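A.B. asks: Predicted model and sequence follow; I will ask about them next.
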Amino acid sequence: MPKAWVVVYSITDFITIGMLLTVVAMNSLKRMESCLRAYTINSILLAALMAVSAFYLDAAHLYIAAAVTLASKGVVIPLLLRKVVRDLKITHEVEPNINTPLSLVITSVLVVIVYSSLSKGIFIEGFTENTLKVSISIILISLFTMITRKKAVTQVIGLLLMENGLFLAGFSLTYGMSTIIELGVVFDVLMGAIILGVFLSQIKKTFIDLDLDKLTTLKG
Amino acid sequence: METDRPETASSRITGKLSSACYLLYAAGCLFTGILSLRDLLLGYSWYISLPLSGVLTLSFRGGGLSAYFVIILSLLGFCVSVYSAGYARHSRSPWPALLLYGIFVSSMCAVFYSANIPAFLISWETMSLSSYFLVVSDAKNIEASRAGLLYGVMTHIGTAFIIAAFMVMFFATGSLEFSAIRAGLGSAGELRSVIFVLALIGFGTKAGVIPLHTWLPKAHPAAPSNVSALMSGIMIKSGIYGIILVSFDILGAGAGQPAAPLWWGVAALSAGAVSSVMGIMHALMERDIKRLLAYSSVENVGIILLGIGASMIFSFNNLPVFAGLALAAALYHVFNHAIFKGLLFMGAGSAVHATGTKNMEEMGGLVKRMPWTGLFFLIGSVAICALPPFNGFMSEWLTFQSLIVGIKTAAVLTKTFMLLSGAALALTGALAASSFVKAFGISFLGVSRSGKAAGAKESPFSMLAGMGVLSVFCLLAGIFPGYMLRLISDISLPALGGLLQFAPNGFVVSGVSSSGVLPMAVLGTMLAGAAFVFIFPLVAGGRKKSICADPWDCGIRRLTPRMQYTATAFTHPLRRIFKKIYKPRKEVRIEYIVKPFFTREIEYRSEITPLAETYFYRPLTRALHDIAHFARRLQSGNLQLYLGYILGTLVVLLVVWG
């Protein structure tokens, strides 16, 4: 059914570009709550992409994966982080290392680099042919976000976004791994988020601040 | 130094037990030595393979070269163990040293017997580590622990090179067995040179070849004297064994194999010449008796390398007889140096034990208080100075012979190298003689230079027995060189088999040229000369009343120790002659009460510049420091910067290989 494939192509692109945009948006957001929301949207879009693929590929196990992703990354982790943010009373990011306009320019340059260099080497057939490029862009941009931001909470969000990007990359290459692996990965991320939450509290307690520049004093 | 403490019943039992253990070691050494001697004399060879797991097999082979080195080890090990029985009697806690000593000796034995790479490396590493722990066994001595650290670092740098050489062998042939590697490496081409260079550096570090010798003059004096005797006597020979094993046995620099490049021999010869001359020049300037002996070991390793290098050059020039002669000279010197250096270290150990100082300027007059130790030290000194009828003369003379016949090689370059090395050896001989005149004269002759030396007592019997046996062997190996050379010529090296014919009373090289020496005639001449010295005054002077007085007192009648010639003064002319090399620094500091008439204190200090440290190691460490300092900037401690490194790397990888 050719028509259905055209639809799945455009739906996949639509969702993945949405994920990319949330990550790009992270670079201009200052409020912690907004950053968290960007992450939530990103995760929900990831879950949606998996659900759509499950529908078109007739793969029942992907429904489970989508549901688990939605529950953990779309609901539990954002709630957890929101609780941390409110407990620690951080509302805003301080001025980033690189200012917002320049960050956006660098972000777009990263996307261009990924698109131009990946088109030389790796080709993927099927409806996920753009997904790999998008996912690698997401990974690099979230890494870049971690570089520019100073607060530990934003770093954690950056890390989680990067994980989403990795998940997407894996998905684009394999069309979903077996359920047990997906569950394992999700569980890892959940545990990671909990541990990082505890870390954030500890850093705050030790340094009275969540500004990671203070960590430099640990160096001998 | 260990201090004697009041003997309690338990300490006496401890002392007796540890002495008994050392005697047990001595018995073990004797047993091993006899077995190896049987292997060598009957041309018998054995092979043991111990599969430890699917991939790891240890195999050992006896006979030939291994047996020869094990015989040397056993002879020296026997004597040093007997010596240790007395030496360690007053040690507070003898057990760790006792255990390490046993491990050390048996691991050296295992090194010589190893027939594949894992066995060799495991025993090599055991040997290095156990000797390291023996060097630092005196926990309170900070100097010893520093020396030990340097030793540990240097020996592991050497081991790294050895492992690299073995890895190249393994990748070239796919086998871990030396015999299979030997067969497989014939067609390896340029790789053989890589292996040779790696092995020369790696084993050269253990052997103490200049400029890789820096650990040696520090670690050997820091170790207890029985261990120094073993380290200097036989452990550094394991480096020589490795060089012979790799370059002659495995790579076949000898005859009957694909020809080794000429520069191998030239490299070994140059390293030998530099080590021998520089080693003895540093020895000459030492005041510390054990450091003097350690530097002299560097010199002797140089002499051995001269023989090895000459042998390689001869086999390149297709002169197998001379190649065999030169290698025989080197192997002979290995044996000789092991026994007389062991003897000297034990003698120095006794002197240090009795006086509590290692500084020769504080000894003096020991020959009157420790006559036997003095005699044995004298025998060792005469042997190491290469004076007949002792063994050092025979091997150095043979090395000379082989370098001089180098004139028969075709190329002008090799001729020049051989003759220059011969000249270096001659210079070495002269300087060695003056170093040991100094070592013996300053510490054993004259008047006691300090209260400690005046109160010295003769060593116990077992220590004297250990030295005595080695002294006898020094003499025997000197007057029966033919038997020794027959033993050496039986070693199944391709260069040696059957080409040389040695007569038991002298030695004769059959074939192209022949040369010989009649040691019995030499001995007879010397005995006659000695008799003449005694008889002549009696005959010429007739019966006259004899007056007893201190020698050279010039009528002063009361000589004080400070009137004596000192070690520094003795070597002063040489320090002047070789000013360009020693670069001596002098510092005189005078404190005045009223300037310039009344002085309170004059401090005089003179030292020489250690060449290798100043021109090789110091720039090297400085460069490393600079690089490390620069690299430190990468580590700012800033998390974002680290993430930036990751991002940069990823982007670069993406652009380049995407």
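C.D. replies: Here it is on my side, so go on.
A.B. asks: Please work out the residue of the stretch 1-150 of chain B nearest to chain A and name it.
C.D. replies: Of all residues in the stretch 1-150 of chain B, B:L149 sits closest to chain A, at 22.5 Å by CB to the nearest CB. Glycine gets a C-beta too; all of them are placed from N, C-alpha and C.
A.B. asks: show me what contacts that residue?
C.D. replies: By CB atoms under 8 Å, 6 or more residues apart in numbering or on different chains, the contact list for B:L149 is empty.
A.B. asks: can you tell me the helix or strand for it?
C.D. replies: helix B:142-173 (DSSP states H and E).
A.B. asks: Rounded mean pLDDT for that helix, please.
C.D. replies: Averaged over helix B:142-173, pLDDT sits at 90.
A.B. asks: what about it, distance to the chain center?
C.D. replies: Taking the mean of its C-alpha atoms, helix B:142-173 sits 18 Å from the chain's own mean (CA atoms, centre = their mean, to the nearest Å).
A.B. asks: What of stretch A:82-98?
C.D. replies: A distance of 18 Å separates the centroid of the chain from that of stretch A:82-98, by CA atoms, centre = their mean.
A.B. asks: Just the buried positions in it, please.
C.D. replies: Buried residues in stretch A:82-98, defined by neighbour count with 16 or more other CB atoms under 10 Å in any protein chain shown: A:V84, A:V85, A:L88, A:I90, A:E93, A:P96, A:I98.
A.B. asks: How about residues contacting it?
C.D. replies: Against stretch A:82-98 from outside (CB under 8 Å, 6+ apart): A:29-33, A:35-36, A:103, A:106, A:147-151, A:153-154, A:197, A:200-201, A:204, A:210-211, B:640.
A.B. asks: what helix or strand is the closest residue to B:P211 other than its chain neighbours on?
C.D. replies: For B:P211, ignoring the flanking residues on the chain, the nearest one in space by CB to CB, 6 or more residues apart in numbering or on different chains is B:A612 at 3.9 Å. Following DSSP H and E, one finds B:A612 within helix B:611-612.
A.B. asks: Show me the contact partners of that helix.
C.D. replies: B:I210, B:P211, B:H213, B:T214, B:M278, B:I581.
A.B. asks: how about the residues you listed in JSON lines, adding pLDDT and secondary structure?
C.D. replies: Output for these, formatted as JSON lines (pLDDT from 0 to 100; DSSP: H, G, I helix; E, B strand; the rest coil):
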{"residue": "B:I210", "pLDDT": "85", "secondary structure": "coil"}
{"residue": "B:P211", "pLDDT": "84", "secondary structure": "coil"}
{"residue": "B:H213", "pLDDT": "87", "secondary structure": "coil"}
{"residue": "B:T214", "pLDDT": "88", "secondary structure": "coil"}
{"residue": "B:M278", "pLDDT": "90", "secondary structure": "helix"}
{"residue": "B:I581", "pLDDT": "81", "secondary structure": "helix"}
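A.B. asks: Spatially, which two of the residues you listed are the most separated?
C.D. replies: Of all pairs drawn from the contacts of helix B:611-612, the widest gap by CB to CB lies between B:T214 and B:I581 and measures 17.0 Å.
A.B. asks: in the host helix or strand of B:V469, what's buried?
C.D. replies: Following DSSP H and E, one finds B:V469 within helix B:461-479. Applying a neighbour-count criterion of 16+ other CB under 10 Å, one finds B:462-471, B:473-475, B:477-479 buried in helix B:461-479.
A.B. asks: List the buried residues of whatever helix or strand comes next after it.
C.D. replies: Where DSSP H and E defines the elements, the next helix or strand beyond helix B:461-479 is helix B:481-489. Buried residues in helix B:481-489, counted by 16+ other CB under 10 Å: B:P481, B:G482, B:M484, B:L485, B:R486, B:L487, B:I488, B:S489.
A.B. asks: Please name the nearest non-neighbouring residue to the residue positioned nearest the centre of chain A.
C.D. replies: Nearest to the mean C-alpha position of chain A, counting by CA atoms, centre = their mean, stands A:L161 at 1.9 Å. Counting by CB to CB, 6+ apart, A:S142 is the residue found nearest to A:L161 once chain neighbours are left out, at 3.9 Å.
A.B. asks: what about the one you found, distance to chain B?
C.D. replies: Note on A:S142: its distance to chain B, by CB to the nearest CB, to the nearest Å, is 10 Å.
A.B. asks: Which strand or helix spans that residue?
C.D. replies: Short version: A:S142 belongs to helix A:131-148, going by DSSP H and E.
A.B. asks: Quick one: the helices in chain A, in order.
C.D. replies: Using DSSP state H, the helices of chain A run over A:2-26, A:32-57, A:60-69, A:77-88, A:100-121, A:131-148, A:152-174, A:179-207.
A.B. asks: So which of those is the most surrounded?
C.D. replies: helix A:131-148 (a mean of 24; mean count of other CB atoms under 10 Å in any protein chain shown).
A.B. asks: Could you list the low-pLDDT ranges of chain A?
C.D. replies: A:1-6, A:120-128, A:176, A:210, A:215, A:218-220 (pLDDT under 70).
A.B. asks: Please name the residues that touch residue 156.
C.D. replies: By default, I'm working from chain A. A:L81, A:A193, A:L196, A:G197, A:L200.
A.B. asks: Chain B, not that one
C.D. replies: Applying CB under 8 Å, 6+ apart, the residues contacting B:H156 are B:S128.
A.B. asks: what do you get for B:I304?
C.D. replies: B:I240, B:G272, B:A330, B:H333, B:V334, B:H337.
A.B. asks: with these in mind, which one is nearest to A:V68?
C.D. replies: B:I240 (69.1 Å).
A.B. asks: Regarding the closest one, what is its secondary structure?
C.D. replies: What DSSP: H, G, I helix; E, B strand; the rest coil gives for B:I240 is helix.
A.B. asks: any idea how far it is from B:I303?
C.D. replies: From B:I240 across to B:I303, the span is 11 Å (CB to CB, to the nearest Å).
A.B. asks: ok so, going back, tell me which of B:T214 and B:I581 has more neighbours.
C.D. replies: B:T214 (20 against 15; other CB atoms under 10 Å in any protein chain shown).
A.B. asks: Thought B:Y151 was touching that one, still the case?
C.D. replies: No. B:T214 lies out of contact with B:Y151 (CB atoms under 8 Å); the separation is 9.4 Å.
A.B. asks: Have a look at B:I240 and B:I303 and say which one is more surrounded.
C.D. replies: B:I303 (32 against 28).
A.B. asks: element containing that one?
C.D. replies: Counting by DSSP H and E, B:I303 is found in helix B:289-316.
A.B. asks: Wait, a strand at B:I593?
C.D. replies: Yes. Counting by three-state DSSP, B:I593 falls inside a strand.
A.B. asks: okay, now it: neighbour count?
C.D. replies: 9.
A.B. asks: what about it, distance to B:E587?
C.D. replies: 21 Å.
A.B. asks: Please apply the same query to A:I77.
C.D. replies: 73 Å.
A.B. asks: for B:L40, same thing?
C.D. replies: B:L40 is 55 Å from B:E587, by CB to CB.
A.B. asks: neighbour count winner among these two?
C.D. replies: More crowded of B:L40 and B:E587, by other CB under 10 Å: B:L40, with 24 against 9.
A.B. asks: Would you point out which residue is most central in chain B?
C.D. replies: B:S297 (3.5 Å).
A.B. asks: Let me see the confidence value for that one.
C.D. replies: 93.
A.B. asks: Which residue is the nearest non-sequential neighbour of it?
C.D. replies: B:S232 (4.5 Å).
A.B. asks: mind listing what the one you found touches?
C.D. replies: B:H220, B:L293, B:A294, B:S297, B:K341, B:G342, B:F345.
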